[in-house]
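Visitor: sequence below, structure please.
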Amino acid sequence: MNRRAIPLLILAAIVLAVYGASLAGEFVWDDRPLIVENRLIRDPGGILTLLTSSFWQTGDRHDRFRSFFRPAVSLSYAADYAIWGLRPVGYRATNLLLHLLCCWLVYRIAISERLARGPALAGAALYAVHPVHVESVAWISGRTDLVCAAFMLASFLAQRRAGESARAPAWRAASLALFGAALFSKEMAATLPLLVAADRWLDDRGPGRIRRSLAAATPYLAVLAVYLLARHAALGEEAAPLYLLSPESHLASALFVIGRYTTLLLAPLGLDTHYPYGPIESLASPLALLGLGMIVVVALAAARAARASGKTALWILWTYVTLLPVLAFGRYGDVLMADRFLYIPSVGLALLLARGIALAGAFKPSVARAVGATAACLVAAFGIAAHAQSALWKDDLGLFSRMVETSPDSGMVHSNLGLAYQRKGEYRKAQQEFLAAIERTPSYALAHNNLAVSYEREGRLVDALRSYEQALRLAPAQLEPRINAASLRVKLGDAAWGLEQLRTLAESHPRYPPALYAYAEALDYVGRRDEALPFLERVLAADPLYANAHYMRGKILAEQGRKEEAARAMRRFLMLWSEGGLYADVARRVIVQAEPM
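Guide: Predicted coordinates:
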């Protein structure tokens, strides 16, 4: 066996041991809108749209923040769909492979600093098992960090190779291309030009090093400028954040968050899938002062390290510089912090550990053995913790049940737990959670809509209509409650009003399959099946994988005696439908009836 492959095989075994069980998990949380309900990744014709749209514009949904532009990640979902369809095991396997690639790149960066294989492998192993990475690895939607880190680390390694190789222009070009790919994966990559400049400055002790450091970073700044132009063309003006903080509160919150991230990196205790921390209002808060104290200590350590070892100072800087983008509070939901934001910063910790072990090896053999044993115990302990934490990301019910325990005051968490119960048909439990969400956030229009859906499925139609109408009062522009309320009016006997509303929505949103389908379904409900068929054709033209439209089309064709066409539609439906039940039974009967006797 090639000895150079042994570290990679060891890292692969570690990643599989820690995260292998996560392969059995389901699609969880944001996986549904980004993958399961995202028609753009299923349609080869939607690739251009993926490359020029907001990350959350998934064909049927639009990004209300317009702050994420990550086409490289969306393309990875499209590639997974082409291979695996909607089988989550394939997407989860891709995450594990990406994590392994990042671990290998950490190892190669350590080797590029002329560390021995043992310390380099120890640092990469710590990176492989650190519990703060669970959210990024065990959750499919955490892939943004994996893809960005892979491109970012490869770009950084390539720029170092450019300084050592006779093929410097090729390595520089590769580094710039990889940096561009990292930017199109996640916004945290925008910190790389600063890190490239710091790497050159700390490694260059001669006169004029500031000028040379800026020259090294300039091509990366040019790539960043091109990215910002492309981002603006795709997103336009960014919408207002979810919440705004006063300057003092923003600074105090940033100090606290940096301090908390530091403790999570050094001692990953109290990990949470949804941290309950609210904004810190005053700079005099003990939490803000504690964070400030940690920053001062780290700054002093970095200054001292810069005098002794530029590489040590670099990895301290890496840890904190890459955190800067996630201090834009309000741009990524209702939380101040999340474990996934540490995936890229923790590279610095892993390489600091590798350097520390290498330094210990320069002392007596007994010291080296003690440090090595300690590192092995640390990797084992972190691996056990990460393995246990990854179980939380198996399914929605387990994940959101845990979140409700640790964030009981979050309306979003209660609403998501309600959706998990609703998918399992436990409507009373779902309603309790939606009501809890509304109690905590009365203006939460989506929770009112979800409550209405639950009432409707349980047969409480009047209660459902009341909740739909409340959702519309809170958010008149939202399409989902408008469609749902109009469809329910048809069922309650007000067919003229409901059909008119649905027709208007279908005409004003001619490429929005749910609006077209709702109108077709209402026409079928009142017996106007001939009129429903053209709208079903329009649904399938917009989204050929819309399973319910294939089912309804097959049912209407069967009622019209067009058995062969009906059977084809039902076969297509069964290819797309994975839930079984009554719909699947009806589809099979239609197919059997079309077969020659």
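
Visitor: hmm, residue 326 is touching residue 335, no?
Guide: No. Using Cβ atoms under 8 Å, residue 326 is not in contact with residue 335, being 10.4 Å away. C-beta coordinates here come from the backbone N, C-alpha and C atoms, glycine included.

Visitor: ok, those two, which is more surrounded?
Guide: residue 326 (22 against 19; other Cβ atoms under 10 Å).

Visitor: number of residues surrounding the residue nearest to that one when sequence neighbours are not counted?
Guide: What sits nearest to residue 326 in space, not counting adjacent residues and going by Cβ to Cβ, 6 or more residues apart in numbering, is residue 341, at 4.3 Å. Neighbour count of residue 341, defined by other Cβ under 10 Å: 24.

Visitor: can you check the one 4 residues further on too?
Guide: Residues contacting residue 345 under the criterion other Cβ under 10 Å number 23.

Visitor: low-confidence ranges in the stretch 251-400 of the chain?
Guide: Low-confidence segments of the stretch 251-400 of the chain (pLDDT under 70): 306, 308, 310, 362-364.

Visitor: tell me which residues touch residue 144, please.
Guide: Under the criterion of Cβ atoms under 8 Å, 6 or more residues apart in numbering, the neighbours of residue 144 are 70, 73, 185, 186, 340.

Visitor: helix, strand, or coil at it?
Guide: Using DSSP: H, G, I helix; E, B strand; the rest coil, the three-state assignment for residue 144 comes out as helix.

Visitor: pLDDT score for it?
Guide: Looking at residue 144, its pLDDT stands at 96.

Visitor: could you list the buried residues of the host helix or strand of residue 584?
Guide: Element membership of residue 584, judged by DSSP states H and E, is helix 581-594. Neighbour counts using 16 or more other Cβ atoms under 10 Å place 583, 584, 586, 587, 590, 591, 594 of helix 581-594 among the buried residues.

Visitor: now do stretch 327-340
Guide: Neighbour counts over stretch 327-340 (16+ other Cβ under 10 Å) mark 327, 329, 330, 331, 332, 334, 335, 336, 337, 338, 339, 340 as buried.

Visitor: farthest-apart pair in these, please.
Guide: Checking the buried residues of stretch 327-340 against each other with Cβ to Cβ, the farthest-apart pair comes out as 330 and 339, at 18.9 Å.

Visitor: returning to what we had before: can I get the contacts of residue 144 in a markdown table including secondary structure and distance to residue 198?
Guide: Formatted as a markdown table, the entries for the contacts of residue 144 read as follows, by DSSP: H, G, I helix; E, B strand; the rest coil; distance: Cβ to Cβ, whole Å:
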| residue | secondary structure | distance to residue 198 |
| --- | --- | --- |
| 70 | coil | 26 |
| 73 | helix | 27 |
| 185 | coil | 22 |
| 186 | coil | 20 |
| 340 | helix | 24 |
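
Visitor: of the residues you listed, closest to residue 34?
Guide: Checking these against residue 34 with Cβ to Cβ, the nearest one is residue 73 at 8.6 Å.

Visitor: contacting residues for the closest one?
Guide: The neighbourhood of residue 73, defined by Cβ under 8 Å, 6+ apart, consists of 55, 143, 144, 147, 185, 186.

Visitor: distance of the third one from residue 136?
Guide: Relative to residue 136, residue 144 is positioned 8 Å away (criterion: Cβ to Cβ, to the nearest Å).

Visitor: what do these two both touch?
Guide: residue 340.

Visitor: can you point out the buried residues in the lowest-mean-pLDDT helix or strand in the chain?
Guide: Each helix and strand of the chain was given a mean pLDDT (mean pLDDT, DSSP states H and E); the minimum falls on helix 47-51 at a mean of 78. Counting neighbours by 16+ other Cβ under 10 Å, one finds that the buried residues in helix 47-51 are 49, 50.

Visitor: packing partners of that helix?
Guide: Applying 3 or more Cβ pairs under 8 Å, 6 or more residues apart in numbering; DSSP states H and E, we find helix 47-51 packed against helix 71-84.

Visitor: average pLDDT for the helix it packs on?
Guide: Along helix 71-84, the predicted local confidence has a mean pLDDT of 93.

Visitor: beyond that helix, next helix or strand please.
Guide: Immediately after helix 71-84, counting by DSSP H and E, sits helix 88-112.

Visitor: from the chain's centroid, how far away is that next one?
Guide: Centroid separation between helix 88-112 and its chain, computed with Cα atoms, centre = their mean, to the nearest Å, is 17 Å.

Visitor: what sits against the spatially most central residue of the chain?
Guide: A centroid search over the chain (Cα atoms, centre = their mean) returns residue 141, at 3.1 Å, as the residue closest to the centre. With contact taken as Cβ under 8 Å, 6+ apart, residue 141 is in contact with 28, 29, 30, 31, 34, 35.

Visitor: same question, residue 316
Guide: When contacts are counted by Cβ under 8 Å, 6+ apart, residue 316 is found next to 298, 301, 302, 305, 348, 352.

Visitor: measure it to residue 288 for me?
Guide: Taking Cβ to Cβ as the criterion, residue 316 is separated from residue 288 by 21 Å.
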